[in-house]
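J.: mind folding the following:
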Amino acid sequence: MDHDNCCEHAPDAARRSLLKSSLGVAAFAAVGGLSWVSPSEARDVALTKEQRDALTPDRIIALLKEGNDRFRSGKMQAHDYLGQKRTSAGGQYPAAVILSCIDSRAPAEIVFDTGIGDLFNARVAGNIANDDLLGSMEFACALAGAKVVLVMGHTACGAIKGAIDNAKLGNLTGLLDKIKPAVDATQFNGDRSSKNDAYVDAVAATNVRHTIDEIRRRSDVLAGLEKDGKIKIVGSMYHLVGGAVEFYS
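T.: Sure, this is the predicted structure:
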């Protein structure tokens, strides 16, 4: 291979690779770059600092919604995870941090059609906020630059059912106690039992909003960033049937 010829084309190849990022496309569009990527091209690069910094919190939320639409329609972008792994090895610049449940049916990266390096993920049964999770989210936003905190609950949540039933089991008991305020606060006409799917989902929605309130109340760091307009803290509910993520304002 001709070395000079190879070097001559390397910048163009690198630029094409960079523009394959879904979140990055929006960032480049914002600064006058390419705004369209062929769906046949596999995304083989991780989100860069330049791309992430060009995105607003509102645009990041819109991109998450667009990714969920692709997931629901079965038209997800192709991901070269090895390529994303290689390009993120030297640094990470996620756009958002997702606080979600450990439920195996609700993996945030997949339901939002994102790749390696796009999102911080904090997962705990019942998507509750404790000191360690608050510290993790403070790191994600204040130190690493993420611009959105998204609390994502889901339908048919086992942790919610356990809190409703006043379940007791080792350390799980204390975790479920953190969900019980949402059980008490949920207004619902009908059977208030874990066998009533509608009631379980109503409590799950209340729990998401309760977690958001806890984040703002217990983290001066995150509340301050939100007040200054640097981040947005929002809630959502992932529907196991249909795959839609419903966002709460």
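
J.: which stretches of this structure have low pLDDT?
T.: 1-40 (pLDDT under 70).

J.: and the closest residue in space to Glu138 that isn't next to it in sequence, what does it touch?
T.: In this structure, Glu138 finds its nearest non-sequential neighbour in Val221, 4.5 Å apart by CB to CB, 6 or more residues apart in numbering. Every C-beta, even on glycine, is put in place using the N, C-alpha and C of the backbone. Taking CB atoms under 8 Å, 6 or more residues apart in numbering as the criterion, Val221 is in contact with Glu138, Cys141, Ala142.

J.: so how far is the stretch of helix or strand Leu150 belongs to from its chain's centroid?
T.: Secondary structure assignment for Leu150, by DSSP states H and E: strand 148-154. In terms of CA atoms, centre = their mean, to the nearest Å, the centre of strand 148-154 is found 6 Å from the chain centre.

J.: contacting residues around it?
T.: Applying CB under 8 Å, 6+ apart, the external contacts of strand 148-154 come out as 57, 60-61, 64, 95-101, 103, 105-106, 108, 127, 129, 137, 140-141, 160, 204-205, 207-208, 211-212, 215, 222, 231-240, 245.

J.: ok, Ile233 touching Ile212?
T.: Yes: using CB atoms under 8 Å, Ile233 makes contact with Ile212 at a distance of 5.8 Å.

J.: who's more crowded, these two?
T.: The neighbour count for Ile233 versus Ile212, taken as other CB atoms under 10 Å, is higher for Ile233 (23 against 19).

J.: what is the neighbour count of the closest residue to Ala125 other than its chain neighbours?
T.: Of all residues not flanking Ala125 in the chain, Ala159 sits nearest, at 4.2 Å (CB to CB, 6+ apart). The number of residues packed near Ala159 is 25, by other CB under 10 Å.

J.: list the helices and strands the helix or strand hosting Ala159 packs on?
T.: In this assignment (DSSP H and E), Ala159 forms part of helix 158-164. Helix 158-164 sits against helix 172-177, helix 180-185, helix 197-218, with contacts defined as 3 or more CB pairs under 8 Å, 6 or more residues apart in numbering; DSSP states H and E.

J.: what about the residue nearest the centre of the chain, is that helix, strand or coil?
T.: The residue lying closest to the centre of the chain (CA atoms, centre = their mean) is Ile98, at 3.5 Å. Following DSSP: H, G, I helix; E, B strand; the rest coil, the label given to Ile98 is strand.

J.: let me see the contact set for it.
T.: Ala108, Phe112, Leu119, Phe120, Asn121, Ala122, Leu150, Met152.

J.: what about the closest residue to Thr114 other than its chain neighbours, which SS state?
T.: Leaving aside its sequence neighbours, Thr114 sits nearest to Gly67 (CB to CB, 6+ apart; 5.9 Å). Assigned by three-state DSSP, the conformation of Gly67 is helix.

J.: what would the contacts of Ile98 look like in JSON lines with distance to Gln77?
T.: As requested, these are exported to JSON lines (distance: CB to CB, whole Å):
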{"residue": "Ala108", "distance to Gln77": "16"}
{"residue": "Phe112", "distance to Gln77": "11"}
{"residue": "Leu119", "distance to Gln77": "15"}
{"residue": "Phe120", "distance to Gln77": "20"}
{"residue": "Asn121", "distance to Gln77": "19"}
{"residue": "Ala122", "distance to Gln77": "24"}
{"residue": "Leu150", "distance to Gln77": "20"}
{"residue": "Met152", "distance to Gln77": "20"}
